[in-house]
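> model this:
(one chain, ligands or ions: 1)
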Amino acid sequence: MDITGPVVLISDLHLTAEDPSGLESFETFTRDLEGIDQLYILGDLFEYWIGDDSAEALGLTNVCTALKKLHESGTHITLMTGNRDFLLGQDFCNSTGCHLLQEPAEEKISGHLILLQHGDKLCTDDINHQRHRAIVDEPLWRETFLNKSFSQRQSLARAGRSQSDAGKRYKSAAIMDVNQATVENTLLNSRCSLLIHGHTHRPGIHPITFENRTAWRIVLGDWAAGPSYVCVAPERLDLHFEKQVLSLFQSEENHTFRLHHDA
Ligand SMILES: [Mn+2]
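Numbering: from 1, shown residues only. Down below sits the predicted model:
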């Protein structure tokens, strides 16, 4: 681990008891973070979540304990939900010491104004996904689902997951990536020139030039090959994934960023 800033961001860990090594790597990661100012989790911490009463039944109490310990070490933890764990709620946050943040959010991080999002809502070419997301975002749908018994929720979630896996086999890679016009519009409507998101599992840093300004889209990786994370410091931002580091350095004179690749 190479922590080059006081603020760290992660997403797409997809933690589940079915993958004990993932749980272990999260516990190690949070121990290494103790003492940093702030951790942002930008969604899909869990492979799926069916209500704040189910951590124990899903075999995920160690994750809660790890977050709580990090919080107690003095690190401020901010949590955004993703399309897999959109049912994470206030009870989970209260018991782990996390602050719930709605997307999209403009946050001041190490002096930079950064737009944060999980990322699936930027993938507007995937119409079926957007339709599904609109349904489960309805407060009434959520209330109805959460009022079901644990085993009912469990079997509905299982059915939903296998449907989604089957759907992915037929979708082209392009459909499951962000839509460029949606990204540009999102940045146009914000004051930010940095956007950090996850979801697509395609880590990278991309310049976006529009209306005479350059913005940067930073994409977090998933954790299939170990932790992927972004560190933000006043003068630099580093994206770690698959043993690589991509960095943005900010110039002192005009505050523009320069990209550097460390393979
Ligand atoms: Mn996702």
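
> doesn't residue 91 make contact with residue 100?
No. The pair residue 100 and residue 91 fails to qualify as a contact (Cβ atoms under 8 Å) at a distance of 10.4 Å. Glycine gets a C-beta too; all of them are placed from N, C-alpha and C.

> my guess is residue 5 meets residue 229, correct?
No. Here residue 5 does not reach residue 229: they are 10.2 Å apart, not a contact under Cβ under 8 Å.

> the ion contacts on this structure?
Counting by Cβ under 5 Å from the ion, the chain comes close to the ion at 44, 82, 83, 199.

> 8 Å - rerun?
When proximity is defined as Cβ under 8 Å from the ion, the chain approaches the ion at 11, 12, 43, 44, 82, 83, 84, 118, 119, 120, 198, 199.

> state the number of residues packed around the first one.
The burial count assigned to residue 11 is 30, neighbours taken as other Cβ atoms under 10 Å.

> do the fourth one as well
Burial of residue 44, expressed as a neighbour count using other Cβ under 10 Å, amounts to 30.

> how about it, what does it touch?
Contacts for residue 44 (Cβ atoms under 8 Å, 6 or more residues apart in numbering) come out as 11, 12, 13, 14, 82, 83, 84, 85, 118, 198, 199.

> could I get the full set of strands for the stretch 101-250 of the chain?
Under the criterion DSSP state E, counting those that start in this stretch, the stretch 101-250 of the chain carries strands at the ranges 105-109, 112-116, 194-197, 204-210, 213-219, 229-232, 236-241, 244-250.

> so who does the spatially closest residue to residue 100 that is not a sequence neighbour touch?
Distances taken as Cβ to Cβ, 6 or more residues apart in numbering place residue 93 nearest to residue 100, at 4.9 Å, with adjacent residues excluded. Counting by Cβ under 8 Å, 6+ apart, residue 93 makes contact with 79, 99, 100.

> now list the buried members of those residues.
Buried members of the contacts of residue 93, scored by 16 or more other Cβ atoms under 10 Å, are residue 79.

> would a markdown table of the contacts of residue 93 with secondary structure and pLDDT be doable?
Below are the contacts of residue 93 laid out as a markdown table (DSSP: H, G, I helix; E, B strand; the rest coil; pLDDT from 0 to 100):
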| residue | secondary structure | pLDDT |
| --- | --- | --- |
| 79 | strand | 98 |
| 99 | strand | 98 |
| 100 | strand | 98 |
